[in-house]
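Novice: sequence first, then the predicted structure, then my questions.
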2 protein chains.
Amino acid sequence: MDYQEWHLVRRPQGAPVDEDFELVGGERPRLDDDTVLVRNTFLSVDPYMRGRMNDGPSYVPAFRLGAPMDGGAVGVVREVSGEVKDSTGRAVQVGDTVLHGLGWRTHAVLPGRALRVVDTDVAPSQAWLGVLGMTGLTAYAGLLRVAGFREGDVVFVSAAAGSVGSLVGQIAHLKGASLVVGSAGGPEKTRWLVDDLGFDRAIDYKAEPIGKALEEAAPDGIDVYFDNVGGDHLEAALSSFKQHGRAAICGMIQRYNDTEAAPGPRNLALVIGKRLRIEGFIQSDHLDLRDDFEREVGGWVREGKVQWRETVVEGIEEAVHGFQALLTGGNTGKMLVRL
Amino acid sequence: MDYQEWHLVRRPQGAPVDEDFELVGGERPRLDDDTVLVRNTFLSVDPYMRGRMNDGPSYVPAFRLGAPMDGGAVGVVREVSGEVKDSTGRAVQVGDTVLHGLGWRTHAVLPGRALRVVDTDVAPSQAWLGVLGMTGLTAYAGLLRVAGFREGDVVFVSAAAGSVGSLVGQIAHLKGASLVVGSAGGPEKTRWLVDDLGFDRAIDYKAEPIGKALEEAAPDGIDVYFDNVGGDHLEAALSSFKQHGRAAICGMIQRYNDTEAAPGPRNLALVIGKRLRIEGFIQSDHLDLRDDFEREVGGWVREGKVQWRETVVEGIEEAVHGFQALLTGGNTGKMLVRL
C-alpha cells in the first residue's frame, strides 16, 4: 500500500476498541505549490487524544468520524515544491527531519508554517515528539509555571514513569527539590525512577494504597503535586499537602475512559484551611516558554543529565494498539509508533 | 449573674447539639496592669467556628474542652488600667467601642494590642464584626485577590444572602461585573438579592437543581465562582465555567457537619481543558488589604451604596442556638448575638 491513514469510524464508549477505528489505504497525497511532502517516521500517540474521540466541546476539536485523525509526528522531507520556509523561517530542504501535526498517517503534505525543521544532533528525531517536544514542554510549564515550583519544595508526581511524569521528576531534582516522590505501577517502573532518574522515593500504587504510601514517603507533607491521573492520587495529594500547596492538573487518565462521571476527591474542603491552589493547564497556553524550555532541557539532554524511555510499536497497523496500551499503562515513557 | 462564658464540653458529632456546650457563670475577670475591661455588646458567630470544635489540625487551633471559646466581639470599654494604646497606637479611653477576639463571654480583659477602637460614625458598632470586619475582608480579598475579579466578569456567588456572599455580589456589581448571579434558599432571600443588592439574577437552590438553574441564569458561562458551600454548587460552577475560570473557595458549609467525607465534584477533570483555577483561602492571610478594604468598602457604606442584614439573637444564653441556626441557613446576613 502506497499510503495509509487511520480514521475514527465510531465514537468509543469507555475504552476504545479496534472496531472504533479503520486503517484506510489510498493514493499518496499530492504536492501543492509551496508545500512539502513528508514521509512520516514516528507518530505520537497521547492521552489527550482520547478526549478528541468524544463528541462535544473539548479544549481541542473532536476528531471527525470517517476522516483521518491527526497528532504529532516527525518525518523526513521527500519533496519540496517551490521555496518553503518552516515556522521559524528556516529554508526546508529534501532530507530534513521535520516535526508537524499530521500524524496517524504514512505521508503528509504541509505548508512551511505547519512544520519545523529539528536538529537531530541534539537528540534523535523522535525525541522531538517527547522530551524536547510537547511532552517536555508540558512537564516544564506545568511544574515551573503552573505549580510555581521553588527550590527546596517537596514534589509528588503521579504516572511518574510516563513521558511527562518522568521528566517532571528529573526537572524537579535538577532544580533543587528537597524531595521528589513518584508513583508508578509495578516494581520495574519504580526501580527505574529511583535508580536512574534521581527520584528520592517511588510508590508502587498497585502494591499499596496511595494515601498511606504517600504519607510515609513524604512524612512532612508535599508542596507541589503534578497530577497525571486524578482519582485516588489527587485525594492522597490533598491529604498530604502542606500549607499553600499547589497542584498542577495535567491529566486525569483514570477518568478518560469513564462512561459515568466518578466522584471527585472526598477531601476537597482541605483547600480552604491549607490555602491550596488546584490549577488545570494545557501546554499550548505556554508556548512562550518554548525557548527557555529548549535551552534548559536541551542542555540537560546534551549533557546526558536527563533520561527518557520510549515504548515503540512497529508499523502503522499497530498505532491503535499502541494508543490503547497507553491508556492502560502499557508503556514506560513516551509511546511512539515507528513507521 | 455577673459574668458568663460559653465552654465547649464535648466535641460535636455532626451537627452541634445543646449538650456539646455549657454556659458557665462566675466572677468577672479582673484588670491587670495595662489592660482594659470591656463589656461585650455583640458577639459574632461564624461558620469557621465549627471546624474549631473538632479535634485535630485545622487552620485555627481547636477549641479546648472545658475552656471558654473565643471569637470576634465588640464591646464598650468600662475600665482602663494605666495608659493603654490599641493595635493602631490610639489611646484607649473608657466609653470607647472596641473590636477584639474574646467573644462567647460577657466581659473581656485585654491588653491594648489585642483590640482596636472603631469609629461608630461610619457604621454602627456591630458592623465592625460584619461588613467592615472579618466578614467584609473575606468577601473583598476572596473576590478581588484570590478569584482575580476583573471588570466585565460574570460572577456566581453561593450562600449569597449570607454575610460574606451578599457583600461579594455587591462588590462585584459596584466594580463592573457584567452579570452577578447568587444562590440562596427561599424566595424571600432571592428577592432581597435582586431587589435590593444589585444582583442580576438569583437562584433559589431549594426550588430547582442548581446545575440547570445556573446554566439558565448565566447561559454564556461564568468567569468567577465565590464558593461558600461546596458540594453541588461547586459541581455546577465547574460545569458553567468559561475558559480560565477562577474559583475562590471560602467555605464548604454543606460539608462542615459531615461525619463521613462526602464525594467531591464528579466533573473536576474539567479543570484541565478549561484551564480552571480553584484556590482556597482564609482572610487572615490578606490583612495587608485591610487599608484598601476599609477605604473602599467604608466609602460605600457611608454613601449608602452597600447594604447588609443582620440576624440578631438576644442574650448570651442564645449564642449556641444562634450558631446552630447559622449552620442550617437560619440567618439572613450576619449572625450576631446581642448582649
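Specialist: Received the coordinates, thanks.

Novice: where's A:Leu287 relative to chain B, distance?
Specialist: Applying Cβ to the nearest Cβ, to the nearest Å, one obtains 14 Å for the distance of A:Leu287 from chain B. Heads up, the C-betas are built off the backbone N, CA and C, glycines and all.

Novice: how about low-confidence regions in chain A?
Specialist: Counting by pLDDT under 70, chain A has low-confidence residues at A:1, A:57-59, A:253-261.

Novice: which residues of it lie near chain B?
Specialist: Within chain A, the positions lying close to chain B (Cβ under 8 Å from any Cβ of the partner chain) are A:51, A:58-59, A:230, A:234, A:249-252, A:255, A:261-282, A:285.

Novice: please repeat the previous calculation with a cut-off of 6 Å.
Specialist: By the rule Cβ under 6 Å from any Cβ of the partner chain, the part of chain A lying against chain B is A:58-59, A:249, A:252, A:255, A:261, A:263-269, A:271-273, A:275-281.

Novice: now list the buried members of these.
Specialist: When neighbours are counted using 16 or more other Cβ atoms under 10 Å in any protein chain shown, the residues of chain A next to chain B contain these buried positions: A:58-59, A:249, A:252, A:255, A:264-269, A:271-273, A:275-281.

Novice: where do the strands sit along the stretch 151-300 of chain A?
Specialist: A:154-157, A:179-184, A:201-204, A:222-227, A:241-249, A:277-280 (DSSP state E, counting those that start in this stretch).

Novice: skipping its backbone neighbours, what lies nearest the residue sitting furthest away from the middle of chain A in space?
Specialist: Within chain A, A:Gly82 marks the point farthest from the mean C-alpha position, 34.4 Å out by Cα atoms, centre = their mean. Of all residues not flanking A:Gly82 in the chain, A:Asp34 sits nearest, at 4.4 Å (Cβ to Cβ, 6 or more residues apart in numbering or on different chains).

Novice: which one of the strands of the stretch 151-300 of chain A is the most hemmed in?
Specialist: Per-residue neighbour counts averaged over each of these give the maximum for strand A:154-157, namely a mean of 30 (mean count of other Cβ atoms under 10 Å in any protein chain shown).

Novice: the residue farthest from the centre of chain A: which element?
Specialist: Taking DSSP states H and E as the definition, one finds A:Gly82 inside no helix or strand.

Novice: and the gap between it and A:His107?
Specialist: Distance, A:Gly82 to A:His107, by Cβ to Cβ, to the nearest Å: 18 Å.

Novice: and if you look at A:Ala217?
Specialist: With distances taken as Cβ to Cβ, A:Ala217 is found 47 Å from A:His107.

Novice: list the contacts of whichever residue of the stretch 101-250 of chain A sits closest to chain B.
Specialist: Per Cβ to the nearest Cβ, A:Ile249 is where the stretch 101-250 of chain A lies closest to chain B, at 5.1 Å. Contacts for A:Ile249 were tallied using Cβ atoms under 6 Å, 6 or more residues apart in numbering or on different chains; they are A:Asp227, A:Gly280, B:Val271, B:Ile272.

Novice: in TSV: those, plus distance to B:Gly66.
Specialist: Output for those, formatted as TSV (distance: Cβ to Cβ, whole Å):
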residue	distance to B:Gly66
A:Asp227	43
A:Gly280	46
B:Val271	44
B:Ile272	48
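
Novice: closest to B:Gly165 among those residues?
Specialist: The shortest distance between B:Gly165 and any of the contacts of A:Ile249, using Cβ to Cβ, involves B:Val271 and amounts to 23.0 Å.
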